[in-house]
Structure formats: structure tokens, C-alpha cells
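[1] 3D model of this:
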Amino acid sequence: MGAVRVDLESVDHDSAVTALRRSYAAVPSGEPIRLAKRTSNLFRPRTEVRTPGLDVSGLTGVISVDPAARTADVQGMCTYENLVDATLPHGLMPLVVPQLRTITLGGAVTGLGIESTSFRNGLPHESVTELDVLTGSGEIVTARPGGEHADLFAAFPNSMGSLGYATRLRIELQPVRRHVALRNVRFTRLEALTDAVAEVTATRSWDGVPVDAMDGVMFSPGEAYLVFGTFTDEGERPSDYTGQDIYYRSLRRRIRDTLTTYDYLWRWDTDWFWCSSAFGVQHPVVRRLWPARYRRSDVYHRLVRLEHRHGVAARIE
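    Predicted structure coming up:
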């Protein structure tokens with residue numbers, strides 16, 4: 001990896017911020033503020049709002065990556081999918097990458113996020129070192145842990161947009177390897193599972209092997225699994241759960257597994273955890289016919305939104 005900052009030419013951040021401020025100024029006084037965005041990871045129906053939303057169309061990219069400092073300047077509407085695409089070529093990833101591709105960095109900070117590296121790295125906002133915020137006065141202020149806007153920096157996580165909108169965030173990155181070696185450990189007693197979580201959190205290892213990532217799945221109170229992940233450049237041929245195989249089912253039949261780091265980060269996205277079964281996508285015939293590019297959480301979410309709007313399945317039932 002080089003020791004220079006890498007600027008990504010496609011991002012015109014200043015123009016994007018200008019468009020955002022212009023759209024904010026155009027919202028009539030007393031009307032609710034919302035973001036005019038195409039994607040959402042909220043599963044509940046949303047009330048239609050006629051007020052024009054804030055123009056965040058230009059705030060979807062990575063401004064720069066600094067491989068030497070292991071930091072990235074990222075726009076608020078940048079999805080983790082785009083963020084990872086920019087950092088992995090440098091052998092780096094965000095300290096925490098939430099499970100779904102279209103979760104945005106700004107959303108994970110203002111609404112909180114979590115994933116399998118959180119036992120050692122905390123939540124996404126804990127890797128933010130500074131952020132630019134559009135405040136209620138229409139100004140852009142830079143908030144850091146110390147200085148004039150330290151209170152805003154401290155209060156911004158989990159504020160759900162009530163304190164402003166993050167246009168730029170500087171985050172820490174961590175080095176990764178090409179693969180993630182997985183150990184799927186079954187527990188028949190939940191007390192034993194929680195004891196194991198406490199042990200791994202304290203020692204960052206299990207059975208003498210380092211643990212870089214940890215998550216779990218419970219099929220029943222008597223059948224639960226912890227998945228311990230270790231970054232590595234070694235290992236067997238990686239599995240592929242973007243095709244016919246389904247990730248969560250593998251926990252029951254494989255004690256050990258290997259994924260590329262990229263596929264590991266999105267292991268839950270292909271089938272929206274296990275919810276793709278609601279659309280028949282886990283049926284072998286349907287899965288062969290359903291294009292792989294549409295096996296994504298945001299596609300399933302759009303189908304749910306269409307159902308909320310038109311109620312086709314409800315009328316059939």
C-alpha cells in the first residue's frame with residue numbers, strides 16, 4: 001500500500017453540498033424535513049410526504065482514501081457497498097461494516113449500526129474522527145471530539161437526524177486479508193453461548209485461535225451457533241453463497257468454512273438474512289431463474305414496499 005492520499009475524481013463534494021443547502025432553503029417554514037433518497041432499510045411502511053426532500057443525490061461517494069493514515073473521507077449518503085469497493089483495493093475496510101449493502105455511513109452513525117467486528121471495534125460512530133454537519137440554521141459546521149462543536153460530535157450518534165445531516169465523515173479503517181476463515185460452533189445451552197461471547201470479547205480468541213469477527217444464529221433454544229471469523233491469506237477454496245448455496249443453512253452442515261473478505265461482508269445480504277424465502281428465492285428452481293444481480297436486500301425491500309403500496313399478496317390471501 002502506498003503512503004499517499006488517494007482522491008477519487010468522480011466526487012464533486014462542494015457542488016453536492018451547495019445543492020443540499022439550496023434544497024434545504026427551499027423547504028417551506030414549518031414543514032417536515034426528509035431526505036430525497038431512493039433506498040431505505042426501514043422495514044415499516046412510511047407515510048407519504050409531499051414536501052420536497054433534501055437533495056442528497058451528490059453525496060453518495062467516497063471523497064478520498066488515505067492508506068497510510070488508514071482513514072477515509074466519505075459522504076453521508078455513501079452506501080457501505082460503495083465504501084468497501086473503495087477501501088478493499090488498499091487492503092482496508094471500515095472498522096464495522098453493517099450487514100446490508102445499501103446501509104449508508106451517515107445512516108449507520110445517526111441511527112447506529114452493528115456487525116460482527118463490533119465486539120472489538122464498537123459501533124460505526126466510534127470510528128468517526130470528524131464530521132461536517134448541515135445544521136438547522138442551514139450552516140455547515142465541522143464537529144470533532146474537541147473544540148467548538150465537541151458537544152455536537154458527542155450527541156450526533158443515534159440522534160436520528162434531529163441534530164442535522166452529516167455531509168462528510170472521516171472514519172478510521174482497519175487492515176484485512178484476502179479471506180475470512182470461519183468456525184461454526186454449535187451450542188445446545190444458551191448460557192454456554194453467552195459465556196463464550198464473554199470469553200471471546202475478553203481474549204479476542206477461541207480455542208487458541210484469534211477471532212477478528214463474531215456473530216451468531218439461533219435456530220431454537222437448543223440449537224444455536226457462534227461464527228468465529230479470522231482474517232487470513234491462507235485457507236481452502238472459498239465458498240460461494242451468492243449462487244445456489246444459502247449462507248445461513250451452511251452453519252448446520254459445516255464446522256469450518258472460508259469466504260473471500262468481500263463475500264464475508266455481504267454474506268447476509270444475498271438472502272436478506274433468511275427472508276428471501278418469502279419470495280420463493282430459496283427454492284432451487286426459482287433460484288436458478290432469479291438473476292443473481294437481483295439477489296440483494298434492496299431488491300427484496302423494494303418488493304415489500306410495492307406490496308405495502310398495492311397489497312397484491314394481501315388481496316390474493
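
[2] please make it C-alpha for all contacts and neighbour counts, starting now.
    Fine.

[3] partners of residue 104 in the sheet?
    Using DSSP bridges, the bridge partners assigned to residue 104 are residue 79.

[4] so where's the stretch 201-317 of the chain uncertain?
    310, 312-314, 316 (pLDDT under 70).

[5] how about the strands in it?
    Using DSSP state E, counting those that start in this stretch, the strands of the stretch 201-317 of the chain run over 205-206, 209-210, 213-220, 223-232, 256-260.

[6] got the angle between the longest one and strand 256-260?
    I take that to be strand 223-232. 50 degrees (axes from the mean of the first three to the mean of the last three CA atoms, to 10 degrees).

[7] report the buried residues of strand 223-232.
    224, 225, 226, 227, 228, 229, 230, 231 (16 or more other CA atoms under 10 Å).

[8] next up, the contacts around the most centrally placed residue in the chain.
    Nearest residue to the geometric centre of the chain (CA atoms, centre = their mean): residue 98, 2.9 Å. Neighbouring residues of residue 98 by CA atoms under 8 Å, 6 or more residues apart in numbering: 80, 108, 113, 114, 115.

[9] need those residues in CSV (columns: distance to residue 27, secondary structure and neighbour count).
    Below are those laid out as CSV (distance: CA to CA, whole Å; DSSP: H, G, I helix; E, B strand; the rest coil; neighbours: other CA atoms under 10 Å):
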residue, distance to residue 27, secondary structure, neighbour count
80, 29, helix, 26
108, 25, helix, 23
113, 29, coil, 21
114, 33, coil, 17
115, 36, coil, 19
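
[10] which one of those residues is nearest residue 238?
    Among the contacts of residue 98, residue 115 lies closest to residue 238 (CA to CA), at 21.1 Å.

[11] let me see the contact set for that closest one.
    96, 97, 98, 99, 123, 215.

[12] so of those, which two are at opposite extremes in space?
    By the measure CA to CA, 123 and 215 form the most distant pair in these, at 14.2 Å.

[13] more crowded one of these two?
    Between residue 123 and residue 215, counted using other CA atoms under 10 Å, the more crowded position is residue 123 (22 against 16).
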